[in-house]
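> Fold the following, please.
(one chain, ligands or ions: 2)
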Amino acid sequence: MSRVHTVTLNPAIDQTVSLPHLAVGEVNRATAVRHDPGGKGINVASVLADWGVSVAAHGLLGRANAAPFEALFAQKSIADRMLRVAGETRTNVKILEEDGRTTDLNLPGFPADEGHLAALAEGLGSVAAGELVVISGSQPAGLPASATARLAARVQERGARVLCDVSGAPLAEVLAAPVLPDAIKPNRHELEGWVGRSLADRADLAAAAAALAARGIALVVVSLGTEGALFVSSDGAVVARPVQLSRGSTVGAGDAMVAGLASALVEGLPLRATAARATAFAAAKLQNPGPHLPGVDQVRALEARVERMAAADWIRAAGRTADQGERT
Ligand SMILES: Nc1ncnc2c1ncn2[C@@H]1O[C@H](COP(=O)(O)OP(=O)(O)OP(=O)(O)O)[C@@H](O)[C@H]1O
Ligand SMILES: O=P(O)(O)OC[C@@]1(O)O[C@H](CO)[C@@H](O)[C@@H]1O
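Ligands and ions are numbered 1, 2, ... in the order given. Below you'll find the predicted structure:
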């Protein structure tokens, strides 16, 4: 199986603080705290490694607190291609309440510059034609909004495929590039940010995703939290529901879904199987804290349980619910 490369420009140590209920503006006493090396691309690499995929992690890492990342890479045999930069990788605080509500406080990380970008581009010279590169997460201050798009172009020149999970101005740059990525996974909010309007209506959301696919992105996935996710390709459009609802931290569920998409792209799975794989990865990751999958058999069992429906039926179902609401 060919190697998957992940790129994380702004990694983070995730500090998950558990408490019964967050009272904003008051003194809150936590009941537990845990730390996980994270950041979107690192989470993708970690989950893919659990699935048995050969992974190389690229990106930037603060030299002062690299140890937890190095331990993760060693434990999962992830090739460490992260460039060390001066200072610390940021710590992001995730406040987890008893009912499962999570509040993210994502801090700014170390700053970066064009020199870092050039070094990263050089490091990506090891990517071979036909391999998959997953670029995820925010960019450190100091990099131009075009940084992600430039790295994508660099590996596309080499004949690699690109799966992008970025938002805001970097997403706009990626979608304005002459060569589009092979796959993207915005969540609803990120896609709304790009189109510049609400996509609360299912038909609108599906039309926006289909329009991106029609522009030449082979796989467009819009994740919808507890509603599941919409998958669009030249095979059609399907919606997959979560296998079961989780009341734990959902941090990294999207990254597990991206890892599932990456494994499906590497294996060349058709659309419905891709939807099942990605949804099963998210469900499997949600069973435990941290960016990890349980055993392959457990993931396969979840994969077999994923319910999928044609996007057209999903849209019609919302119409029926609205009609019933009007009548009552
Ligand atoms: N509370 C939940 N219970 C069960 N499954 C969930 C829940 N939240 C998310 N999921 C699953 O995870 C997938 C991805 O979640 P989501 O849409 O929240 O991604 P995201 O916004 O990219 O998340 P993040 O940035 O926190 O990783 C969903 O499509 C769904 O299958
Ligand atoms: O600030 P970004 O780069 O947008 O997101 C960072 C982050 O929230 O993403 C992961 C969950 O998806 C976490 O591990 C990490 O803290």
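> from here on, contacts and neighbour counts on C-alpha atoms
Fine.
> Spit out the contact partners of the nearest residue to Ser136 once chain neighbours are set aside.
Of all residues not flanking Ser136 in the chain, Asp165 sits nearest, at 4.6 Å (C-alpha to C-alpha, 6 or more residues apart in numbering). Each residue near Asp165 by C-alpha atoms under 8 Å, 6 or more residues apart in numbering is listed here: Val134, Ile135, Ser136, Gly137, Ile184, Lys185, Pro186, Val258.
> swap the cut-off to 6 Å and go again
By C-alpha atoms under 6 Å, 6 or more residues apart in numbering, the contact list for Asp165 reads Ser136, Ile184, Lys185.
> what do you get for Arg202?
Here Arg202 is in contact with Ile315 (criterion: C-alpha under 6 Å, 6+ apart).
> Do you know the pLDDT at the residue nearest to Ser136?
Asp165 carries a pLDDT value of 98.
> Tell me the secondary structure at Gly115.
helix (DSSP: H, G, I helix; E, B strand; the rest coil).
> Next, count neighbours for it.
10 (other C-alpha atoms under 10 Å).
> cool, Ala200 as well?
Ala200 has 11 nearby residues by other C-alpha under 10 Å.
> Show the contacting residues for it.
With C-alpha under 6 Å, 6+ apart, Ala200 has no contacts at all.
> For the stretch 101-250 of the chain, which residues are neighbours of ligand 2?
Residues of the stretch 101-250 of the chain lying near ligand 2 by C-alpha under 6 Å from any ligand atom: Asn106, Gly137, Ser138.
> make it 5 Å
Residues of the stretch 101-250 of the chain that fall close to ligand 2, judged by C-alpha under 5 Å from any ligand atom: Gly137, Ser138.
> related to what we said a few turns ago, which ones among the contacts of Asp165 also lie next to ligand 1?
Near ligand 1, by the rule C-alpha under 5 Å from any ligand atom, you find none of those.
> quick one: which of the residues you listed sit in helices?
Of the positions in the contacts of Asp165, not one sits in helices, assigned by DSSP state H.
> how about these in TSV, adding neighbour count and pLDDT?
As requested, these are arranged in TSV below (neighbours: other C-alpha atoms under 10 Å; pLDDT from 0 to 100):
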residue	neighbour count	pLDDT
Ser136	28	98
Ile184	29	98
Lys185	26	98
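> Go through those residues and say which is closest to Ala66.
Ser136 (19.1 Å; C-alpha to C-alpha).
> hang on, isn't the closest one packed against Gly38?
No - taking contacts as C-alpha atoms under 6 Å, Ser136 lies outside contact range of Gly38: 11.5 Å.
> where are the low-confidence patches of the stretch 151-300 of the chain?
By pLDDT under 70, the stretch 151-300 of the chain has no low-scoring segment.
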